[in-house]
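everything below, folded, please.
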Amino acid sequence: MTQKERPRIAVVGSLNMDVVMESGRVPQQGETVLGTGMHMLPGGKGANQAVCAARLGARVSMIGAVGADGFGEEMTAALEREGIDTSCVLRRGDTPSGTASIWLSGGDNRIVVFPGANGTLTAEDVSAPEPSRLLREADAVLIQLEIPLETAAEAASIARAGGAIVLLNPAPAADALPDALLRSASVLTPNRGELAILAGESAEGQARLIEAARKLAAASGGAVVTTLGGAGALVLESADREPEAVPAAYAGPVVDTTGAGDCFSAALAAALARGSAPGEAARYAACAAALAVTRLGAQGGMPTAIEVGGLYSASADSAGG
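The predicted structure is shown next:
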């Protein structure tokens, strides 16, 4: 298949300001611990994915909402510095921008998200003339669940009707997804826990993991790529296909896992939009995520196309040798 060097990717999702607190350990209930660092970093699952896709060479448009406040201005400016089109990022004067409180300890994290303006993005907003055009003309569309479900469903429906690859990252997990959203997704990228919730059954152990992925693939009619952290990913192109195990890549010690899943989904979408097969795209995405976790911050840690290409080539050579 001919590779498309600069695919068009539209991202429909959240923009949050991440307030990151570093500490030696996570506090227990009722306990106060002293932090070792504090950072204010632009984030949000949608914006993170937009930045990653842009750094990997895609032409990216962001569709979302921020407050008419300093956080909103800073987050929008951060996207624009990455070359991302923000003409469809709406400014809300009656609600603050979304914010995430992140506790970072030992390379792991705990996150509490306040949706703010993200929760005001409506189905009518994404079906307006300009956002709708971006969705219809995109090669791939990335959607997550830090916006209302009905908004996500409308965006997915418009994009799928236009012929785009619709990649749905079902995070944070929802007990059930609207059928219109599920059936419009070309590819779902849950982690193991999200897969278990969506499939309604355990995904522990390889046999149960595969069975849960088959159940979700049958319900959606699309592919399911389950991310497994340090164990890599499981690729199931359809419910009746054999799954493919994709190993994790290694790029260095883990510093911050915030945004690793966003990086994987965006890199997967970029590779699929260029024409890569799902298994190949997942291996590329695993390399991107491996690089992202070696750096602090979700957006700041997103790798470039040169970095991912180098690790991908090195990983392929190692596997072949």
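
count of neighbours near residue 233?
Residue 233 has 24 neighbouring residues, counting by other C-beta atoms under 10 Å. Any C-beta I mention is one placed from the backbone N, CA and C, and that applies to glycine too.

and the residue lying closest to it once chain neighbours are set aside, what does it touch?
Of all residues not flanking residue 233 in the chain, residue 246 sits nearest, at 4.5 Å (C-beta to C-beta, 6 or more residues apart in numbering). Residue 246 makes contact with 232-235, 279, 282-283, 286 under the criterion C-beta atoms under 8 Å, 6 or more residues apart in numbering.

could you do residue 185 as well?
143, 156, 166-168, 220, 222.

state the mean pLDDT of stretch 168-182.
For stretch 168-182, mean pLDDT rounds to 90.

how about the secondary structure of residue 119?
helix (DSSP: H, G, I helix; E, B strand; the rest coil).

what about it, how many neighbours?
Around residue 119 there are 17 residues (other C-beta under 10 Å).

that one contacts residue 145, correct?
No. Assessed by C-beta atoms under 8 Å, residue 119 is found out of contact with residue 145, at 11.5 Å.

circling back to that earlier point, just to be sure, which of the contacts of residue 246 are found in strands?
Applying DSSP state E to the contacts of residue 246, the entries found in strands are 233-235.

which residue packs closest to residue 66, ignoring adjacent ones?
Computed as C-beta to C-beta, 6+ apart, the closest residue to residue 66 that is not its neighbour in sequence is residue 72, at 3.3 Å.

the one you found: which element?
Assigned by DSSP states H and E, residue 72 belongs to helix 70-81.

and the next element down the chain from that helix?
With elements assigned by DSSP H and E, the helix or strand that comes after helix 70-81 is strand 85-92.

next, the angle from whichever helix or strand comes after that following strand to helix 70-81.
Going down the chain from strand 85-92, the next helix or strand is strand 98-105, by DSSP H and E. Using axes from the mean of the first three to the mean of the last three C-alpha atoms, to 10 degrees, the inter-axis angle of strand 98-105 relative to helix 70-81 is 80 degrees.

ok, back up a step: can you redo the ones in strands among the contacts of residue 246 as a markdown table with pLDDT and distance to residue 114?
Listed next are the ones in strands among the contacts of residue 246 as a markdown table, based on pLDDT from 0 to 100; distance: C-beta to C-beta, whole Å:
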| residue | pLDDT | distance to residue 114 |
| --- | --- | --- |
| 233 | 96 | 30 |
| 234 | 96 | 33 |
| 235 | 97 | 34 |
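
closest one to residue 255 out of those, please.
residue 233 (20.9 Å; C-beta to C-beta).

now do the strands in the stretch 151-300 of the chain.
Assigned by DSSP state E, counting those that start in this stretch, the strands in the stretch 151-300 of the chain fall at 165-169, 187-188, 223-227, 233-236, 244-246.

out of the ones you listed, which gets nearest to residue 261?
strand 223-227 (5.9 Å).

and the closest one, what does it pack onto?
strand 187-188, helix 192-199, helix 206-220, strand 233-236, helix 260-274, helix 278-292 (3 or more C-beta pairs under 8 Å, 6 or more residues apart in numbering; DSSP states H and E).

how about a cut-off of 6 Å?
Counting by 3 or more C-beta pairs under 6 Å, 6 or more residues apart in numbering; DSSP states H and E, the packing neighbours recorded for strand 223-227 are helix 206-220, strand 233-236.

then stretch 210-221 to PDB, C-alphas only?
Written as PDB, here are the backbone C-alpha positions of stretch 210-221 (Å, rounded to 0.1, in the frame of the first residue of the first chain):
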ATOM      1  CA  ILE A 210      -8.300 -12.600  23.800                       C
ATOM      2  CA  GLU A 211     -11.900 -13.600  24.500                       C
ATOM      3  CA  ALA A 212     -12.700 -10.100  25.900                       C
ATOM      4  CA  ALA A 213     -11.100  -8.500  22.800                       C
ATOM      5  CA  ARG A 214     -13.100 -10.800  20.500                       C
ATOM      6  CA  LYS A 215     -16.300  -9.800  22.300                       C
ATOM      7  CA  LEU A 216     -15.600  -6.100  21.900                       C
ATOM      8  CA  ALA A 217     -14.500  -6.500  18.300                       C
ATOM      9  CA  ALA A 218     -17.700  -8.400  17.500                       C
ATOM     10  CA  ALA A 219     -19.800  -5.600  19.100                       C
ATOM     11  CA  SER A 220     -18.000  -2.800  17.200                       C
ATOM     12  CA  GLY A 221     -17.400  -4.600  13.900                       C
END
